[in-house]
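Q: compute the structure for the input listed below.
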Amino acid sequence: MYNTIPFMGENIRVLIREKSLHIENTESLRRALKKKHAPFKLAQYLKQKHINQFHTALNISDKSLTIEIIGHVYIGNFADVLKEIPRIPKIAPIIVEKAYKITDHTDIIDCGEKEVDSNRWVWDKLAVLYDMIMNNMYDLFQRNEKKS
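A: Reported below is the predicted structural model:
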């Protein structure tokens, strides 16, 4: 059963399972994630919720989980950001292509350990570029805010 949890002034809906998290992709989630450092804090918060519920850590790095959430919620922006990173073509175009395919507008963001999530490797590989991806995402958010 999905639970509503408060996060940075928004209500996030999430189902926590033994080896996975399932997050509803809602407007409330999108608003929360636009705040500086919120995606990383959400990843840490959800992993702590998992520990509280199952007394074991979810075997997903904070950065990988953050990139996966951002990739699903902001797929259009995420694709643009990836194109702006010079090292992307060198780390294997198949990873970027796979990321585009898995983030095809999902209502539920399924994030699992590698044993239960066949796409975990994509987010783990992109997590290496965490700082560049997140900096470019925030720049893009700020540019979009100025246009509004």
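Q: now the most centrally placed residue in the chain: which helix or strand?
A: By C-alpha atoms, centre = their mean, the chain has its centre lying nearest to residue 69, at 1.6 Å. With elements taken from DSSP states H and E, the one containing residue 69 is helix 62-73.
Q: longest strand in this structure, please.
A: Assignment by DSSP state E gives strand 10-17 as the longest strand of the chain.
Q: where along this protein do the helices fall?
A: For the chain, the helices defined by DSSP state H cover 27-33, 38-54, 62-73, 75-84, 93-102, 120-126, 130-147.
Q: where are the low-confidence patches of the protein?
A: Scanning the chain with the threshold set as pLDDT under 70 gives 76-83, 85-105, 148.
Q: hang on, isn't residue 58 packed against residue 19?
A: Yes: the pair residue 58 and residue 19 passes the contact test of C-beta atoms under 8 Å, sitting 7.3 Å apart. In short, each C-beta sits where N, CA and C put it, glycine included.
Q: more neighbours: the two, which one.
A: Taking neighbours as other C-beta atoms under 10 Å, residue 58 and residue 19 compare with residue 58 leading, 23 against 17.
Q: got the phi and psi for the more buried one?
A: Phi and psi for residue 58, reported as degrees, to the nearest 10, are phi -70, psi 130.
Q: roughly how far does it sit from residue 13?
A: 18 Å (C-beta to C-beta, to the nearest Å).
Q: same check, this time on residue 145
A: With C-beta to C-beta as the criterion, residue 145 and residue 13 are 25 Å apart.
Q: thanks a lot, see you next time.
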